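Trainee: Provided below for reference: sequence and predicted model.
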Amino acid sequence: METVVDASTSEEANGSAVEKKPTVVFVLGGPGSGKGTQCAYIVEHFGFSHFSAGDLLRAEMNSGSENGLMIRSMINEGKIVPSQVTVNLLQQAMEESGNDKFLIDGFPRNEENRAAFEADTGIEPAFVLFFDCPKEEMERRILNRNQGREDDNIETARKRFKVFLESSLPVVEYYESIGKLQKIDAARAIEEVFESVKTVFASINEKVKPHGRAQKKFTLLKLQLKWKMNLLRNGVCKGY
Ligand SMILES: Nc1ncnc2c1ncn2[C@@H]1O[C@H](COP(=O)(O)OP(=O)(O)O)[C@@H](O)[C@H]1O
Ligand SMILES: Nc1ccn([C@H]2C[C@H](O)[C@@H](COP(=O)(O)OP(=O)(O)O)O2)c(=O)n1
Ligand SMILES: [Mg+2]
């Protein structure tokens, strides 16, 4: 199985490992763009734990908790639930998972979501996948989804699109502006979309691979050799 290695691993001078933050990838895209579908494939291939903010909110809504009614009415209006509720659910799920690589799907959906997650967890995403899909295609997919979701009707779907444009796209643009966005054309067949997703994960894996101890030693040896060659060339090598 391929794995994505966390860039935040660091080692102190004496070689002992220090704090290692989990690797988080946010998965964004309009309603029906295929986030959940692609996440299932990513989990299979890259060993991440997948948490859909929408799924966690629906479970909370059906659990009889005190927030249940509020969550239901917000979801049915296509609105975004207050961040504290969603961030708490995500944090709890991450802690209970025992994993350190997370795909967080459908989050952050607005700037408040983004800032609350960062403030509460101290985690910034390694990168952000964005599934780009035309509105008409998303609408078709939502209306054919058949998962019994109360919000998968044309009236709520249109409200969700509006919220996506007004509140979620600015977050997508923010990640683009800081060079963390990986945009995927989601208007293709599922397998084709996943081919692009795989390429992103494979190239990121290379880029973020940390220098392990063996690699560090090799780099040091290469540097020493280069230094000695330079000294030899300049005729001042003392041979030590
Ligand atoms: N590339 C695709 N082409 C056609 N249908 C798709 C594609 N990706 C997902 N679907 C279907 O569209 C619906 C919405 O997909 P889903 O993954 O639930 O999207 P999201 O989580 O972004 O709302 C589902 O019924 C899914 O099977
Ligand atoms: N970060 C989030 C994610 C979802 N929600 C609410 C509002 C969304 O319309 C619903 C459904 O989200 P979900 O991600 O499951 O929907 P899609 O998979 O994009 O169709 O949940 C939220 O309030 N905050
Ligand atoms: Mg989904």
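Mentor: Received the coordinates, thanks. Just so it is clear, the model here is predicted, and its values are computed rather than measured. Ligands and ions are numbered 1, 2, ... in the order given.
Trainee: Break the chain down into its domains, please.
Mentor: Structurally, the chain divides into domains by automatic domain parsing as follows: 23-209, 213-240.
Trainee: For ligand 2, find the nearest of these.
Mentor: domain 23-209 (1.8 Å; CB to the nearest ligand atom). Every residue, glycine included, has its C-beta placed from N, CA and C.
Trainee: what helices or strands is whatever helix or strand residue 203 lives in leaning on?
Mentor: Using DSSP states H and E, residue 203 maps to helix 190-208. On a contact count with 3 or more CB pairs under 8 Å, 6 or more residues apart in numbering; DSSP states H and E, helix 190-208 meets helix 35-46, strand 127-132, strand 181-185.
Trainee: chain center to that helix: distance?
Mentor: Distance of helix 190-208 from the chain centroid (CA atoms, centre = their mean, to the nearest Å) equals 13 Å.
Trainee: Quick one: work out the angle between it and helix 35-46.
Mentor: 50 degrees (axes from the mean of the first three to the mean of the last three CA atoms, to 10 degrees).
Trainee: residues touching the residue in the chain positioned nearest to ligand 3, list them.
Mentor: For the chain, the nearest residue to ligand 3 under the criterion CB to the ion is residue 36, separated by 3.6 Å. Listed by CB atoms under 8 Å, 6 or more residues apart in numbering, the contact partners of residue 36 are 52, 55, 105.
Trainee: May I have the beta-bridge partners of the spatially closest residue to residue 43 that is not a sequence neighbour?
Mentor: Computed as CB to CB, 6 or more residues apart in numbering, the closest residue to residue 43 that is not its neighbour in sequence is residue 50, at 4.9 Å. Partner residues in beta bridges with residue 50, using DSSP bridges, are residue 103.
Trainee: Tell me, how many residues neighbour residue 50?
Mentor: Burial of residue 50 is recorded as 21 neighbouring residues (other CB atoms under 10 Å).
Trainee: cool, and the one 10 residues further on?
Mentor: The local packing of residue 60 (other CB under 10 Å) involves 20 other residues.
Trainee: Kindly report the same for residue 140.
Mentor: 12.
Trainee: Skipping adjacent residues, who's closest to it in space?
Mentor: Using CB to CB, 6+ apart, the nearest residue to residue 140 is residue 32, at 7.8 Å.
Trainee: which other residues reach the strand or helix carrying residue 91?
Mentor: Taking DSSP H and E as the criterion, residue 91 maps to helix 83-97. Here helix 83-97 makes contact (CB under 8 Å, 6+ apart) with 22, 49, 51, 53, 56-57, 60, 67, 71, 102, 104, 107, 110, 112-113, 115-117, 120-121.
Trainee: Next step: those residues restricted to helices.
Mentor: Of those, the ones assigned to helices by DSSP state H are 53, 56-57, 60, 71, 112-113, 115-117, 120-121.
Trainee: hey, which helix or strand in this protein has the poorest pLDDT?
Mentor: helix 213-233 (a mean of 49; mean pLDDT, DSSP states H and E).
Trainee: Hmm, residue 159 is touching residue 76, no?
Mentor: No: here residue 159 does not reach residue 76: they are 9.1 Å apart, not a contact under CB atoms under 8 Å.
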